[in-house]
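**Student:** show me the folded form of this:
(one chain, ligands or ions: 1)
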Amino acid sequence: MDWTPADPRALARLRAALLDHYDRACRALPWRGEADPYRILVSEVMLQQTRVETVVPRYGQWLQRFPDLASLAGAHEDEVLKAWEGLGYYRRARNLHRAAQLARERPDGALPSSYAELRELPGLGEYTAGAVASIAFGEAVPAADGNVRRVLARLFDQPRPSASWLRDQAAALVHPDRPGDWNQALMELGATLCTPRAPRCAECPVAAWCAARAAGTEGERPERVRRPSPRRSVFALAVLHAGGRVLLERRPLGGLLAGMWALPEAEVGGAAEARSAAVGLASARDLDVSEDVRPLPACEHRFTHLHATYQPFAIAVSDPRARAGRDAAWVDARRPTRHALPVAQRRVLESFLQLEPTEVA
Ligand code: SF4
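**Tutor:** This is a model prediction of the structure:
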C-alpha cells in the first residue's frame, strides 16, 4: 500500500491495526500496565542493553529493595551498585540513583512529568525520557529504541535511518491518545515479529503498510553497520589474601567499571607478563609477599569496546590490615556481600575459593 504518515486515514488504520494486535498479543511482563513513573523508569533503565529475560527477575528484586523513589534516593551508592550487580553497565545504576536524588529535591519530591524536564535528569536520553513521558504521563512523544529503529526502517524501506530521520518518523506516527501503548507496541513488534533475522511478516499486523515487505527488502533493512572490533587487552589480577580475607579496592570514578569494588589489576602486554605484574601490585601496596603465588584460571569478559582477558594470581600476603581505608577493604572471600563486584571478578573469587582450604587460609 502506498501511503505516508501525512495521510490521516492511512495513519489511523495503521495505528489501529498495531494497537489491536498489541492489546491482544503483548507479552505479559511485570512492568506492563504499570502506572508508577518510578517503576517505569526502573524498567526502562534496566532494559537498556540488557535482555528482557534477565531483567524480569531483577526488576522484582530491585523493587523489593528500593520500592520507591525515596528509598532509592536515600540509599548509599554501594548498596545501589550491589543491587545492580551482574546487570553490567553500572553507569546506569549510578545515574538512576542520582536521578532519584535530584527528583527528591524537587518541590513535589517526585519525578518530573514532562519530556523536557525528564531529559535534564542524568541518564535519561531521548529514548528513556520519551518512554517515561509517554507511558507514565501520557505525553505524545516518541520513544525509539533499536527495535523501533528496525521496524520503522522496514516500514519505510529506509536502508540507513539517521537519528534525525528516526526522530521525525517516530514523532509523526506516535498515537496522540495512547502514546505509551503506541511506543510499547512498536517496541514489542520489533522484539517479537519484526526481529533482526527472519522477520515473521505473515503474522505482522502492519504488513499491509510495510514498504520493505512490498519490495522484498525486509531482510536487508536497516543495513548492518559494521562496528570496529573491540580492543583486546590482557590484565593481571591479584587476589591478595591473608587469613581468608582478600583485598578489594574501589575503582576510580571515571573510566571502565567506575566506582566499583574490584581486585587490584594491571594491564599487561601479554599473559607472560601477568605473574610479575600481579606480584608488583602487592609490592606497590607495601604488602609483604610470600613465595605462595598461584595462578588461577584465566577468564574473559567483553565490554562494549574492550575484550578483556584476566590472568589472576592468588598471592598470600602478610598483615591484612595494611591498606584498609575508605577505598580499600579486606573482606571475607566467602562473603564479600556488601561490595558490588564486576562479573569477571566474582568468577575469579569463585576460582580462588576452589583452592585447598589451607591455601586460602
Ligand atoms: S511486514 Fe515484516 S518487515 Fe514489515 S514491519 Fe512487519 S514484520 Fe517487519
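**Student:** pop the domain breakdown of the chain in here.
**Tutor:** Per automatic domain parsing, the domain ranges recorded for the chain read 31-139, 141-226, 231-360.
**Student:** among these, which is nearest the ligand?
**Tutor:** Closest to the ligand of the domains of the chain, according to CB to the nearest ligand atom: domain 141-226, at 3.1 Å. Glycine gets a C-beta too; all of them are placed from N, C-alpha and C.
**Student:** thought Gly270 was touching Arg232?
**Tutor:** No: in this structure, Gly270 is not within contact of Arg232 by CB atoms under 8 Å, at 10.5 Å.
**Student:** ok, Glu139 to Ser114 distance?
**Tutor:** Applying CB to CB, to the nearest Å, the value for Glu139 to Ser114 is 6 Å.
**Student:** do Thr195 as well
**Tutor:** 33 Å.
**Student:** one step back: identify the contacts common to Glu139 and Ser114.
**Tutor:** By CB atoms under 8 Å, 6 or more residues apart in numbering, Glu139 and Ser114 have these common neighbours: Ala133.
**Student:** of those two, who's got more company?
**Tutor:** Glu139 (19 against 13; other CB atoms under 10 Å).
**Student:** list the contacts of stretch 104-115.
**Tutor:** Counting by CB under 8 Å, 6+ apart, 37-38, 41, 69-70, 73, 99, 103, 118, 120-121, 129-130, 132-133, 136-137, 139, 141 sit against stretch 104-115.
**Student:** quick one, which of those residues are buried?
**Tutor:** 37-38, 41, 69, 73, 99, 103, 118, 121, 129-130, 132-133, 136-137, 139, 141 (16 or more other CB atoms under 10 Å).
**Student:** which residue is the nearest non-sequential neighbour of Gly60?
**Tutor:** Leaving aside its sequence neighbours, Gly60 sits nearest to Pro30 (CB to CB, 6 or more residues apart in numbering; 6.2 Å).
**Student:** now swap in Val234 and tell me
**Tutor:** Closest residue to Val234 apart from its sequence neighbours, by CB to CB, 6+ apart: Thr309 at 4.8 Å.
**Student:** where do the strands sit along the chain?
**Tutor:** Assigned by DSSP state E, the strands in the chain fall at 231-242, 245-250, 261-262, 265-268, 289-295, 299-302, 306-317, 328-332.
**Student:** and the third one, which strands flank it?
**Tutor:** In this case it means strand 261-262. strand 245-250 (antiparallel) (DSSP bridges).
**Student:** what's the angle from the strand it pairs with to strand 306-317?
**Tutor:** 140 degrees (axes from the mean of the first three to the mean of the last three CA atoms, to 10 degrees).
**Student:** need the contact partners of strand 245-250.
**Tutor:** Strand 245-250 has contacts (CB under 8 Å, 6+ apart) with 238-241, 259-264, 285, 287, 317, 320, 323, 326-333, 336, 339, 341, 349, 352.
**Student:** whichever of those residues end up buried, select them in ChimeraX.
**Tutor:** Selecting only the buried members of the contacts of strand 245-250 in ChimeraX, with burial defined as 16+ other CB under 10 Å, works like this:
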select :238,239,240,241,259,260,261,262,263,264,285,287,317,320,323,329,330,331,333,336,339,341,349,352
